[in-house]
Every structure is written in structure tokens, then in C-alpha cells.
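Participant: no FASTA, just this:
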């Protein structure tokens, strides 16, 4: 089945220790997104890639970076995690951008990040 | 600009009774509207999507939603709740006026009791 895969499902890191979260997709979608979701809140968009074009949300902290080496993979790097970065991180993909007709986003299961 | 308001943060129903989760939207252009469901510690699953074809949209697991432009609403319904429906439900909107992003509501926690 075509899907969005996130690894690991649970990640524990120490305050200030860099961490990388991984997302891969078999849907061959052009767009990949990273969302941060804190407890009992809606997902908050951090950034997205349209193919190789990177689009950062204005309020995404510099501490968060992303890489998309190819169509299938996208990584979220947190350079110096703080306690406030503990959250569920969701990866999503879509065939085209939200303003288009092919805008359904398909989500992975998420990675729950704990910062000690 | 676009926005979504989910009127109830918590809804509780008995198993076998109807479900109504309310969503109102604001969008400058013809929007796409979505309902997603999220079970604990899981990602979001798309229940259904409205894209200006039919105003009554049928989704998975017996859910449906009706787009009412005059009321700017997109409420989610199900005739008969099942225990497995207990989850968080998010309404979302996207479109030309939304800065190319999907805007979520704050979510409605659905509890299903025996």
C-alpha cells in the first residue's frame, strides 16, 4: 500500500542535543510537509517542500531545519532542542499545493519527541 | 485570509446515537474543506473532502458532511456512533485565499459511551 512512513515513532533526546526525524513516502507526491502538534492542539505547519523548493513558515524558529534529498524522503532537523520542542511531529504529503485541486494531504503516524 | 471554527471542543454521545460535529469556515475564495480524524498517538486520517462538486460529501466509516455556503458551515455527521469513533476530529480549509496552506480548527474530542 502507498503510504507515508515516519521513523522513529518515539524519539527521546536531551536538551540541546541535535535530533533528526525521518519521513518517507511511496505516493510519489510533489509536496511534503512537516507539522508540529502539541498536546490537545491543532497541527502547526513548520514548512513544506514543493519538489525541491523549500517554503518556511514565517513563525518557524531557526532551530528547525529540513532537507529533502529526493522525492521520497524528507528530514526534520532540530539543531538544539528545548523543552518547549517536545511534541508530536507529523509529516504529510500531497500531490499538489493546498490551493490546487489535488490538495488532499496524507499524514504519517507521527514521531513523538521527548526532550529531557 | 481563511479560518476554521470548531464550535465544540468536546462532544459526548451514546453508542448507537447520531453524531454531529460542527465546523464553520471563513474563506475569501471557493474553499476546499476537509475533515480529519486522529486517534491517540496516531497521525491524521482523511475522512472526507469537499471541492465544490456535490454539497453532500460521503466519507469513510459512515461519516458525511454537508457544505452550506449560506451558513459557511461544513458540519460532520454520522447516523449511529460506534465505540471506535472515539477520537479527535479536525476540520480544515484550504484554497486560493489561504496562502497555500491547510488551516486547521482547534479540534473536537468525541467521546462515545456505552
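Facilitator: Good, I have the coordinates. Keep in mind that what you see is a predicted model, and the values were worked out from it rather than measured. Numbers count the residues shown, from 1 in each chain, chains lettered A, B, ... in the order given.

Participant: Get me the contact residues on chain A for chain B.
Facilitator: Taking Cβ under 8 Å from any Cβ of the partner chain as the criterion, chain A approaches chain B at residues A:4, A:6, A:40-43, A:45, A:48, A:55, A:57, A:88, A:90, A:92, A:97-99, A:101, A:103-110, A:112. Heads up, the C-betas are built off the backbone N, CA and C, glycines and all.

Participant: Just the residues you listed: which are in strands?
Facilitator: Among these, the members found in strands (DSSP state E) are A:4, A:6, A:45, A:48, A:55, A:88, A:90, A:92, A:106, A:107, A:112.

Participant: Most widely separated two among the residues you listed?
Facilitator: A:55 and A:112 (25.1 Å; Cβ to Cβ).

Participant: that older thread, show me just the buried residues among the residues of chain A next to chain B.
Facilitator: A:4, A:6, A:42-43, A:45, A:48, A:88, A:90, A:92, A:97-99, A:103-110, A:112 (16 or more other Cβ atoms under 10 Å in any protein chain shown).

Participant: quick revisit: pick the one among the ones in strands among the residues of chain A next to chain B closest to residue A:63.
Facilitator: Out of these, the member with the shortest distance to residue A:63 (by Cβ to Cβ) is residue A:45, at 15.9 Å.

Participant: Write out the residues of chain B neighbouring chain A.
Facilitator: So chain B meets chain A at B:32, B:34, B:36, B:41-46, B:49, B:51, B:90, B:94-96, B:98, B:100-102, B:104-107 (Cβ under 8 Å from any Cβ).

Participant: repeat that with 10 Å
Facilitator: B:2, B:4, B:6, B:9, B:29, B:32, B:34, B:36, B:38, B:41-46, B:49, B:51-52, B:88, B:90-107, B:109 (Cβ under 10 Å from any Cβ of the partner chain).

Participant: Quick check: ChimeraX command selecting the buried ones in those.
Facilitator: To isolate the buried members of the residues of chain B next to chain A in ChimeraX, using 16+ other Cβ under 10 Å:
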select /B:2,4,6,32,34,36,38,42,43,44,45,46,49,51,88,90,91,92,93,94,95,96,97,98,100,101,102,103,104,105,107,109
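
Participant: So which of the residues of chain B next to chain A belong to strands?
Facilitator: Per DSSP E, the residues of chain B next to chain A map to strands at B:4, B:6, B:32, B:34, B:36, B:38, B:44-46, B:49, B:88, B:90-94, B:103-104, B:109.

Participant: contacting residues around stretch B:78-87?
Facilitator: Outside stretch B:78-87, the residues that touch it by Cβ atoms under 10 Å, 6 or more residues apart in numbering or on different chains are B:11-21, B:36-40, B:42, B:45, B:47, B:59, B:61-65, B:107-114.
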